[in-house]
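*Asks:* Would you be able to build a 3D model of this:
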Amino acid sequence: MEGSESSGSGSTQKTGGEVLQQTGAVNTATETKQKPDATYRHYFRLLQGKQKSAIIEYDFERDGTLVTPRLTDNYELVDQYWIEKGRSLVIIALNRRTNQKEYLLFEPTLSDFEYELLERLYEDLRAVLILSADEIKKAVNDPVIQAKSQAVMDAVSNVVLYEWHQKAKYKDAHGIGIFWPRSAADLDIPSSRPNDFEYYQTLEFAALTGWDRFLAAYVGVDYPYVP
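*Replies:* As a prediction, the model looks like this:
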């Protein structure tokens, strides 16, 4: 991937066939986002009845990358890899200030409309994920919304492989967490079979996000991990 030119001082690093632009300073110029006056529902209504044009599917070889990752001087590149070539790039970097490795995801910049739509969808879905079924039924009278909300909560329950919390202290804890061992010794619980991290590497989530690759770098073990 080709990094774009930087106006500040810095260097360009090549790793595994990829090119990362590492700048010497953070761009402090900020632009105030002007959110659209109309809601996303208004835009959808405008699109109704219009003749649909053919959408050309994105092709990395033809169109090039849609992301331009940059690391400031306080980061040291450890590894990088595509989740979706040209669209989602993960960089594992050492933060020199905290001495911790971080998982950095770079994706295309959103337009104002895309940003507004994402914010609204986030708020709508967040209400479903943090409320219980009984709370939603009390707050919402629409049976369709109640059914859809219940479907989301059922989907969350179905993907949770293991859950534990102090019920007396965190009785309302629910939702989805992420596997994040802090040391190599935490990669496996001896009482469980098979090896936890070896099994984790076979999960679809690990394949889609590369999170297992980050964990290996974070705790300092070889990847792929073999116990």
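*Asks:* Summarise which helices and strands the longest strand along the chain is packed against.
*Replies:* Criterion DSSP state E: the longest strand present in the chain is strand 75-84. Here strand 75-84 touches strand 10-15, strand 18-23, strand 88-95, strand 100-106, helix 211-219, going by 3 or more Cβ pairs under 8 Å, 6 or more residues apart in numbering; DSSP states H and E. Glycine gets a C-beta too; all of them are placed from N, C-alpha and C.
*Asks:* Comparing those by mean pLDDT, which bottoms out?
*Replies:* Lowest mean pLDDT within the helices and strands packed on strand 75-84: strand 10-15, at a mean of 38.
*Asks:* Same question for the helix or strand that contains D134: list its buried residues.
*Replies:* Here D134 sits within helix 133-139, counting by DSSP states H and E. Of the residues in helix 133-139, I136 count as buried by neighbour count, 16 or more other Cβ atoms under 10 Å.
*Asks:* Check stretch 208-227 too.
*Replies:* Going by 16+ other Cβ under 10 Å, stretch 208-227 has these buried residues: 209-219, 221, 225.
*Asks:* cool, stretch 104-116 as well?
*Replies:* Residues of stretch 104-116 classed as buried: F106, E116 (neighbour count, 16+ other Cβ under 10 Å).
*Asks:* Direction included, what does the longest strand of the chain pair against?
*Replies:* strand 88-95 (antiparallel) (DSSP bridges).
*Asks:* count of residues packed around the nearest residue to D188 once chain neighbours are set aside?
*Replies:* Closest residue to D188 in three dimensions, ignoring its sequence neighbours and counting by Cβ to Cβ, 6 or more residues apart in numbering: D196, at 4.5 Å. Close neighbours of D196, defined as other Cβ atoms under 10 Å, add up to 17.
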